[in-house]
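**Student:** Just need the structure, nothing else, for what follows:
(one chain, ligands or ions: 1)
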Amino acid sequence: MTDSRALALEYLKQQQLLGGDSVILTEEAGSREQGADTTAPAPGPAQAIVATPAPSSQLPAPGVSFDPPNADLFSTDPIQRAASLQDVATLVAACRKCGLCDTRTKTVPGEGAATARLVAVGEGPGRTEDETGRPFVGRAGELLTKILAAIDLPREQVFICNIVKCRPPENRQPQFDEIAACLPYLYRQIELVNPKVILAMGNTAAQTLLNTRQSLGALRNHIHRFRGIPLVVTYHPAALLRNPNWKRPTWDDVRIAARLLEG
Ligand code: SF4
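**Tutor:** Coordinates of the predicted model:
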């Protein structure tokens, strides 16, 4: 490593300690950097962490498999009969199946491509989502958009949604009965999109989709299955804002998802 690169690295580390915004560099970017002009000035304070671990050649071991029944074609349940994501969103907009309907401003059914290869699932809407009716549009949403861009997935090509479609008051965790009431919408959305990979972000999403009480730490770094679809568990972007040390493991997780998408 040249002196200028060592200095730049030191600078980035200092910026990280100072709380600067992080930048995730892809391997491609990393290799471009190898041939870059090393006399170039160090990046500004907005650029801080360079997370470019070498990928393992092996995918992680299989984990939990959860296989809830698919929609029954002869069911009279309107959720199971919903023929499109828009139909699901329409049902959500009128839903009063749990107490969260009393405090919501707008329902947040989810958004993205109907043919998305990746479905990203979080816990529930926050304040900005509740105001706008769109998932992941606050600071956590900006970070999720960056994370997806780092694996060459424009946000519009991903279907992004939550376990519950209405905001829990004060951003508390959704309760068991609220999750149980709302889950059929998510199941139907996943069924309609039929993605290649699911990314479960945070404890609530991971434990709910895999029907397990195992901790997020235990669930990470495995390839789980939801109705046979590979499912990768990672931290919720909001948790990354609170604890930047989790950005590196999150980057490792999304790269596993990216490899599954390529396969
Ligand atoms: S959280 Fe889900 S089940 Fe509860 S009211 Fe909203 S849409 Fe209906």
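
**Student:** Now do the helix or strand hosting residue 224, average pLDDT.
**Tutor:** Element membership for residue 224 (DSSP states H and E) is strand 223-226. Averaged across strand 223-226, the pLDDT comes to 98.

**Student:** Number the chain from 4, please
**Tutor:** Let's use 4 as the start, then, which means that last one is strand 226-229.

**Student:** Would you list the strands that that strand pairs with, along with their directions?
**Tutor:** Looking at strand 226-229 with DSSP bridges, its partner strands are strand 65-69 (parallel), strand 232-237 (antiparallel).

**Student:** could I have the longest one exported to CSV, CA atoms only?
**Tutor:** Backbone C-alpha positions of strand 232-237 (Å, rounded to 0.1, in the frame of the first residue of the first chain) are rendered in CSV as follows:
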residue,chain,number,x,y,z
ILE,A,232,-37.7,-19.3,-1.5
PRO,A,233,-34.2,-18.6,-0.2
LEU,A,234,-34.4,-16.1,2.7
VAL,A,235,-31.4,-14.1,4.1
VAL,A,236,-31.6,-12.4,7.5
THR,A,237,-29.9,-9.1,8.3
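
**Student:** any residues touching the next helix or strand after it, and which ones?
**Tutor:** Next helix or strand after strand 232-237 toward the C-terminus (DSSP H and E): helix 240-245. With contact meaning CB atoms under 8 Å, 6 or more residues apart in numbering, helix 240-245 is reached by 125, 129, 139, 142-144, 146-147, 150, 204-205, 249-250, 253. C-beta: built from backbone N, CA, C; applies to glycine.

**Student:** could you give the mean pLDDT of the helix or strand hosting residue 255?
**Tutor:** In this structure, residue 255 is located in helix 250-265 according to DSSP H and E. Across helix 250-265, pLDDT averages out at 96.

**Student:** TSV for the strands paired with strand 226-229, including mean neighbour count and mean pLDDT?
**Tutor:** Conversion of these to TSV gives the following (neighbours: other CB atoms under 10 Å; pLDDT from 0 to 100):
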stretch	mean neighbour count	mean pLDDT
strand 65-69	16	96
strand 232-237	26	98
